[in-house]
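[1] Attaching a predicted model along with its sequence, questions to come.
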Amino acid sequence: MATALSQEIGLTPAAAARVAAIAAKQGKPATLRLSVEGGGCSGFQYKFELADAPADDDAIAQTDGVTLLVDSISLDLVRGASVDYVESLGGAAFRVTNPLAASGCGCGTSFAV
């Protein structure tokens, strides 16, 4: 059964607003799934996608009407993290600030624990 995790991971208002805008454009629910996969230059990489509904083992956080889903395996690698949306001269992207990451790559999309 899905569980609430407001203290375990967060979604900033900027990230929530961006997810809501993307979801509205695509006609989908404002639900972002964050998962961790093996790969990237540091060992693990973050993966983001819109989701239709939570899975049974998902943890759920909500910000400004937007839902963030994290599966139970990925949660062990991102516990305490915050997902933000950042725009800069180099581009715009979702960025994870992960206190469990021992190191990361220069582009911020992969990490090691």
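    Yes, it's here. Remember, it's a predicted structure, so these values are computed and weren't measured experimentally. Numbers count the residues shown, from 1 in each chain.
[2] Quantify the burial of Asp84 by counting its neighbouring residues.
    Here the number of neighbours of Asp84 (other CB atoms under 10 Å) works out to 18. To be clear about C-beta, it is placed using only N, CA and C from the backbone, and glycine gets the same treatment.
[3] Next: Val96.
    By other CB under 10 Å, neighbour count at Val96 equals 21.
[4] residues of the host helix or strand of it that come out buried?
    Using DSSP states H and E, Val96 maps to strand 91-97. Neighbour counts over strand 91-97 (16 or more other CB atoms under 10 Å) mark 93-96 as buried.
[5] Can I get the residues you listed in CSV including distance to Thr31 and pLDDT?
    Below are the buried residues of strand 91-97 laid out as CSV (distance: CB to CB, whole Å; pLDDT from 0 to 100):
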residue, distance to Thr31, pLDDT
Ala93, 19, 87
Phe94, 14, 89
Arg95, 19, 89
Val96, 17, 88
